[in-house]
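>>> Here is my input, please return the structure:
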Amino acid sequence: MRRRLITSTLAVVLVVISVFGVSVVLVETRTITSAAQDRVESEALRLVSIVDSRMIGDDRITAGILRDQVGDERYALIEIPGRAPIEVGSKPDGDVIQHVEQGDQGETITVQEPRSTVTTEVGRVLLVIAGVALLTIVAAVVLAVRQASRLTSPLTDLAETAERLGSGDQRPRHKRYGVPELDRVADVLDNSAERIGRMLTAERRLAADASHQLRTPLTALSMRLEEITLTDDPETVKEEATIALTQVERLTDVVQRLLTNSRDPRTGSAVTFDLDEIVKQQIEEWRPAYRGKGRAIVSSGKKDLKAVGTPGAVAQVLAALIENSLMHGGGTVALRTRVTGNQVVVEVTDEGPGVPPDLGARIFERTISGRNSTGIGLAVARDLAEADGGRLEMLQTKPPVFGLFLSRTTSSTPPPRPSPRPEDETPTVR
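Modelled structure (predicted):
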């Protein structure tokens, strides 16, 4: 491209120089020739006037007297009737420019100038024009090289940026070149890099969330299937199969929920549901796992509470909190329901050592974990709660208490911050 720009610029300059150069040469040649003819005519008229005046005064007319009136490069012939011709200067050879003038006393004045003087002047003009043309060509070459570098270097840089983007490097460069068209391309590449980065981040997040959220339902489902393989009682098989089908439905709901949140975290299908059923379902599902570790899981608090949200999402949030207590907590895990203002609160607490002080509120950040776990569960749980218009908070660090706040009515405004408990309730958080 650089060679093309330089070649095209030079071609344009040469065409312009040729057109204007030829025109200038023609005009200057005509002007110089016309000026030489005017000089010859002017000199002939001057000689006629001198000769007439001297003839009237009966003065002598000689070549010496008229020599100062004739230029060095010109030749004059004075022909007076009855006298010998008078020559002033050297008669030129070859082509000449001449003018013949008749005087009032019958004399004839002929002035000649060699055409070589015109050729010499035209040659000087050509040298000047050639010098100007050469300087113009040099300036055009320098300008073309600089302009080509200004255009090709950014294009090479943009090509490298596109190649980096295609190879997986989504970092925007935010580099501009001072050329509006190239800057527009750079803007598009930077915006594309940011969009691709967000898309890849969302895909990675979805993969991590899915692997974490599907692990627990799949583990519970495999336990149910193992129970079926270990029993010959048709009633037990039927009961376990029914539970397994329910878990498959919940597993499908988890996948759908994750996909929905990955596209639009605020998209929800909130309905009014019975909170007691969700709490009971979670306790029954997790009781075998707790029993296997010699621990218990219980529920308490107000009954017959109605909440607004997506039952599957609420179940996943509670499952994440219960699993967190199973992995990091100790003793009995308690699920307690209460009402504060226009909200329903489900608290999950255990008798373990609590959240380390260095974690604090960062416990909900991704990759933050008190032990060698993924650090995703609580982050996903908070996302699910917020997608339903709820809120997940850590109310106390020792012993650990997490609170899931849900609305009791279908309000479009986000739920308020947690308010203090009524004095008549047995507090579990201080």
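>>> how much space between residue 190 and residue 161?
8 Å (C-beta to C-beta, to the nearest Å). To be clear about C-beta, it is placed using only N, CA and C from the backbone, and glycine gets the same treatment.
>>> more neighbours, those two?
residue 161 (21 against 18; other C-beta atoms under 10 Å).
>>> Give me the common contacts of residue 190 and residue 161.
Common neighbours of residue 190 and residue 161 (criterion: C-beta atoms under 8 Å, 6 or more residues apart in numbering): residue 173.
>>> List the residues that contact the closest residue to residue 182 other than its chain neighbours.
Taking C-beta to C-beta, 6 or more residues apart in numbering, and ignoring the residues beside it in sequence, residue 182 has residue 154 as its nearest neighbour in space, at 4.7 Å. With contact set as C-beta under 8 Å, 6+ apart, residue 154 has these partners: 177, 179, 182.
>>> and residue 154, what pLDDT?
On pLDDT, residue 154 comes in at 77.
>>> What helix or strand is it located in?
Taking DSSP states H and E as the definition, one finds residue 154 inside helix 116-167.
>>> With residue 338 instead?
Going by DSSP H and E, residue 338 is part of strand 333-340.
>>> who touches that strand?
Residues outside strand 333-340 that contact it (C-beta under 8 Å, 6+ apart): 275-276, 279, 282-283, 290, 295-303, 305, 318, 322, 325-326, 344-350, 408, 418-419, 421-422, 425, 428.
>>> Please apply the same query to stretch 25-43.
Residues contacting stretch 25-43 (C-beta under 8 Å, 6+ apart): 69-71, 74, 76, 97-99, 101, 111-113, 115, 117-118, 121-122, 125-126, 129.
>>> Check the residues you listed for burial and list the buried ones.
70, 74, 76, 97-99, 101, 111-113, 117-118, 121-122, 125, 129 (16 or more other C-beta atoms under 10 Å).
>>> Closest one to residue 226 out of the residues you listed, please.
For these, the minimum distance to residue 226 (C-beta to C-beta) is 101.4 Å, reached by residue 129.
>>> That closest one touches residue 21, doesn't it?
Yes. Counting by C-beta atoms under 8 Å, residue 129 touches residue 21, with 5.5 Å between them.
>>> can you give me the strands for this structure?
Taking DSSP state E as the criterion, the chain carries its strands at 75-79, 86-88, 96-102, 108-114, 271-274, 297-301, 306-309, 333-340, 343-349, 391-396, 401-407.
>>> Dump these into JSON lines; add distance to residue 17 and mean pLDDT as well.
As requested, those are exported to JSON lines (distance: least, C-beta to C-beta, whole Å; pLDDT from 0 to 100):
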{"stretch": "strand 75-79", "distance to residue 17": "39", "mean pLDDT": "88"}
{"stretch": "strand 86-88", "distance to residue 17": "44", "mean pLDDT": "86"}
{"stretch": "strand 96-102", "distance to residue 17": "31", "mean pLDDT": "88"}
{"stretch": "strand 108-114", "distance to residue 17": "31", "mean pLDDT": "89"}
{"stretch": "strand 271-274", "distance to residue 17": "83", "mean pLDDT": "88"}
{"stretch": "strand 297-301", "distance to residue 17": "94", "mean pLDDT": "92"}
{"stretch": "strand 306-309", "distance to residue 17": "81", "mean pLDDT": "90"}
{"stretch": "strand 333-340", "distance to residue 17": "89", "mean pLDDT": "94"}
{"stretch": "strand 343-349", "distance to residue 17": "85", "mean pLDDT": "94"}
{"stretch": "strand 391-396", "distance to residue 17": "78", "mean pLDDT": "89"}
{"stretch": "strand 401-407", "distance to residue 17": "82", "mean pLDDT": "93"}
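>>> Output these as JSON lines; include the columns distance to residue 39.
JSON lines is the format used below for the strands of the chain (distance: least, C-beta to C-beta, whole Å):
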{"stretch": "strand 75-79", "distance to residue 39": "12"}
{"stretch": "strand 86-88", "distance to residue 39": "15"}
{"stretch": "strand 96-102", "distance to residue 39": "9"}
{"stretch": "strand 108-114", "distance to residue 39": "7"}
{"stretch": "strand 271-274", "distance to residue 39": "111"}
{"stretch": "strand 297-301", "distance to residue 39": "123"}
{"stretch": "strand 306-309", "distance to residue 39": "109"}
{"stretch": "strand 333-340", "distance to residue 39": "115"}
{"stretch": "strand 343-349", "distance to residue 39": "112"}
{"stretch": "strand 391-396", "distance to residue 39": "105"}
{"stretch": "strand 401-407", "distance to residue 39": "109"}
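>>> So which of those is nearest residue 226?
strand 297-301 (20.5 Å).
>>> Measure how that closest one sits relative to strand 333-340, angle-wise.
Counting by axes from the mean of the first three to the mean of the last three C-alpha atoms, to 10 degrees, strand 297-301 lies at 20 degrees to strand 333-340.
>>> Mind listing what's buried along strand 297-301?
For strand 297-301, by 16+ other C-beta under 10 Å, it's 297, 299, 301.
>>> Stretch 53-64 too?
In stretch 53-64, counting by 16+ other C-beta under 10 Å, buried: 54, 55.
>>> ok so, going back, looking at the buried residues of strand 297-301, which is nearest residue 58?
Of the buried residues of strand 297-301, the one sitting nearest to residue 58 (C-beta to C-beta) turns out to be residue 301, at 151.6 Å.
>>> how about the closest one, what does it touch?
By C-beta under 8 Å, 6+ apart, the neighbours of residue 301 are 335, 336, 337, 338, 347.
>>> The second one and residue 402, how far apart?
Okay, so that is residue 336. Counting by C-beta to C-beta, the gap from residue 336 to residue 402 is 11 Å.
>>> okay, and the common contacts of those two?
By C-beta under 8 Å, 6+ apart, the residues touching both residue 336 and residue 402 are 347, 349.
>>> Between those two, which is the more surrounded one?
A direct count of neighbours by other C-beta under 10 Å for residue 336 and residue 402 places residue 402 higher, at 26 against 21.
>>> Can you verify my assumption that that one contacts residue 382?
No. Using C-beta under 8 Å as the test, residue 402 is too far from residue 382 to be in contact (9.9 Å).
>>> Mutual contacts of these two, please.
Counting by C-beta under 8 Å, 6+ apart, the shared contacts of residue 402 and residue 382 are residue 392.
>>> Go through this structure and flag its longest helix.
If you go by DSSP state H, the chain has its longest helix at helix 2-56.
>>> gap between that one and the chain center?
Relative to the centre of its chain, helix 2-56 is centred 58 Å away, using C-alpha atoms, centre = their mean, to the nearest Å.
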